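# generate coordinates for the sequence data below:
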Amino acid sequence: MKTYEYIFAAAILVAILLAATFLTGISPPPYRSISEIEQLKMAAQKVMAQILLSPGYPEDWGGDINIGASNLSSFGLAVSTVFTREVFVLDPDKVQRLNKDMPDELYIPPEKFSELLGLGSIDAGLDYGVRIEFIPALKVTIGFNESSNAVEVKVESEHGMPISGANVLLGVFCVGNDGINFYKERGQTGLDGKCIIYLNFNYSNPSFLVAIADYNDLRVMNTTNRNSHISYLIGNYLLVKSNIELINMNATQVFAILSDMGPEFRSVSCSISEGNLSMVNYKVYNMSYVESNIIAVAALAADGRLIVAYKNIPGSYSSVAGEVYAPLAYMLERSVRIGISSYTIRLRIWRMSW
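Alright, predicted model coming up:
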């Protein structure tokens with residue numbers, strides 16, 4: 001082989017190497033390396049297992065308002081019990097502390113979440129971005145028609161298809177002459193996924209509505225507020241806006257039990273007292289006890305309206321504000337129970353830098 005042929009062959013090899021390097025640099029990230037996807041997969045599985053299977057530490061951090069983000073040494077949303085722990089059952093108090101509408105003293109900011117799960121820190125830089133979505137297994141919406149005094153409960157699948165034959169349990173909070181009144185009614189959805197329940201004239205002006213849809217052992221609760229002060233229910237505490245005065249120190253708790261007919265509402269009275277704890281813009285009241293599977297608690301305000309609190313589950317929680325469309329991300333889903341409701345937890349994780 002002549003010298004120029006060696007030179008020509010070498011030039012071709014160099015050109016191939018340069019082209020390969022260039023194409024690798026401009027190729028879409030999902031096709032650059034299988035190992036990168038595997039890294040995201042392992043990180044997602046680790047985060048999901050920690051969130052769903054660990055109660056965190058301290059284990060009762062969800063309902064203890066003395067424990068803030070700075071007091072957490074481990075993060076997890078699982079229910080903490082002394083004798084046994086159900087798999088994929090989350091603590092409603094812990095989950096609602098991911099809601100950015102919570103008082104600042106109780107909210108767990110995403111940077112603390114990332115730090116505890118080993119995803120990086122704000123100071124050193126985040127290695128991974130995470131977004132968690134809490135998706136109800138059924139979409140339950142509640143509407144009220146004042147002219148006909150009727151409540152329409154619509155039940156759809158997660159993807160928006162109407163659910164026929166779902167059993168609906170409706171609870172109605174009203175203010176009556178004797179204080180707080182709670183009523184309950186039942187119905188079933190038709191082919192359009194709708195259930196119409198006509199209210200008795202005695203409670204024609206509902207302040208707060210709560211509905212549980214039950215379909216093939218999937219149960220989802222939703223609420224709608226018409227004319228009540230919304231407060232927060234966390235652990236044994238009722239958090240009320242500082243400018244709202246209570247008319248007395250009594251409250252009504254509504255909780256759910258399972259019967260042969262499916263979910264059933266029960267209501268009991270309890271006493272409340274103003275504690276020594278305080279928060280910015282909120283008064284903290286202690287409840288004498290809290291029923292398991294509590295749905296809501298109501299007290300009467302001095303202005304004649306109800307104060308209603310319930311477990312407020314966020315729709316999503318993310319380490320980055322707004323929608324994120326990472327070129328390379330990994331997603332996991334798991335079915336869980338939060339309180340009486342079934343949810344799908346969707347975890348999306350991506351690298352912030354490579």
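# so how far is Leu98 from the residue positioned nearest the centre of the chain?
By C-alpha atoms, centre = their mean, the mean C-alpha position of the chain lies nearest to Ile313, the distance being 3.2 Å. In this view, Ile313 and Leu98 are 9 Å apart by C-beta to C-beta, to the nearest Å. All C-beta spots, glycine's among them, are computed from the backbone N, C-alpha and C.
# and Trp350, by the same measure?
19 Å.
# for Glu185, same thing?
Applying C-beta to C-beta, the value for Glu185 to Leu98 is 33 Å.
# the protein: helices as residue ranges?
Remark: helices assigned in the chain by DSSP state H are 3-26, 34-53, 92-96, 110-116.
# leaving out the residues flanking it, which one is nearest to Glu36?
The spatial neighbour of Glu36 that comes closest, neighbours along the chain excluded (C-beta to C-beta, 6 or more residues apart in numbering), is Leu328 at 6.4 Å.
# I'd assumed Pro136 was in contact with Ser157.
No - Ser157 lies out of contact with Pro136 (C-beta atoms under 8 Å); the separation is 10.3 Å.
# against Glu264, how distant is the spatially closest residue to Pro92 that is not a sequence neighbour?
Leaving aside its chain neighbours, Pro92 sits nearest to Lys311 (4.1 Å; criterion: C-beta to C-beta, 6+ apart). Computed as C-beta to C-beta, the Lys311 to Glu264 distance reads 18 Å.
# of the two, who's got more company?
Lys311 (22 against 15; other C-beta atoms under 10 Å).
# give the residue spans of the stretch 151-300 of the chain that score low on pLDDT.
201-204 (pLDDT under 70).
# list the contacts of the strand ranked longest in the chain.
Longest strand in the chain, counting residues (DSSP state E): strand 262-279. Contact partners of strand 262-279, identified using C-beta atoms under 8 Å, 6 or more residues apart in numbering, comprise 65-66, 103, 105-106, 167, 169, 171, 182, 184, 212, 214, 219, 237-239, 246, 249-258, 283-289, 291, 295, 297, 299, 340.
# may I have that strand exported as PDB, CA atoms only?
Listed next in PDB are the C-alpha coordinates belonging to strand 262-279 (Å, rounded to 0.1, in the frame of the first residue of the first chain):
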ATOM      1  CA  GLY A 262     -69.900   0.700  52.500                       C
ATOM      2  CA  PRO A 263     -68.600   3.900  54.000                       C
ATOM      3  CA  GLU A 264     -70.700   5.500  56.700                       C
ATOM      4  CA  PHE A 265     -70.500   8.900  58.500                       C
ATOM      5  CA  ARG A 266     -70.600   9.200  62.200                       C
ATOM      6  CA  SER A 267     -70.500  12.500  64.200                       C
ATOM      7  CA  VAL A 268     -69.500  13.200  67.800                       C
ATOM      8  CA  SER A 269     -69.100  16.300  69.900                       C
ATOM      9  CA  CYS A 270     -65.800  17.200  71.500                       C
ATOM     10  CA  SER A 271     -64.400  20.000  73.600                       C
ATOM     11  CA  ILE A 272     -61.600  22.300  72.500                       C
ATOM     12  CA  SER A 273     -59.300  24.600  74.400                       C
ATOM     13  CA  GLU A 274     -56.900  27.300  73.400                       C
ATOM     14  CA  GLY A 275     -53.300  26.000  73.900                       C
ATOM     15  CA  ASN A 276     -50.100  27.700  74.700                       C
ATOM     16  CA  LEU A 277     -48.800  27.300  71.200                       C
ATOM     17  CA  SER A 278     -49.200  30.000  68.600                       C
ATOM     18  CA  MET A 279     -48.400  30.600  65.000                       C
END
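# mind checking how far that strand is from the chain centre?
21 Å (C-alpha atoms, centre = their mean, to the nearest Å).
# what's the distance between stretch 249-268 and the middle of its chain?
Per C-alpha atoms, centre = their mean, the centroid offset for stretch 249-268 relative to its chain is 22 Å.
# now, of the contacts of strand 262-279, which are buried?
The neighbour-count test (16 or more other C-beta atoms under 10 Å) marks 65, 103, 105-106, 167, 169, 171, 182, 212, 214, 219, 237-239, 246, 251-256, 283-285, 287, 291, 295, 297, 299, 340 as buried among the contacts of strand 262-279.
# residue ranges of the strands in the stretch 51-200 of the chain, please?
With DSSP state E, counting those that start in this stretch as the criterion, the stretch 51-200 of the chain has strands at 89-90, 120-121, 125-126, 128-136, 138-145, 150-157, 167-176, 179-188, 194-198.
# buried set for the fifth one?
Within strand 138-145, the residues that qualify as buried by neighbour count (16+ other C-beta under 10 Å) are 138-140, 142, 144.
# for the residues you listed, give me CSV that also has pLDDT and distance to Gln45.
Below are the buried residues of strand 138-145 laid out as CSV (pLDDT from 0 to 100; distance: C-beta to C-beta, whole Å):
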residue, pLDDT, distance to Gln45
Leu138, 97, 27
Lys139, 97, 28
Val140, 97, 31
Ile142, 97, 37
Phe144, 92, 44
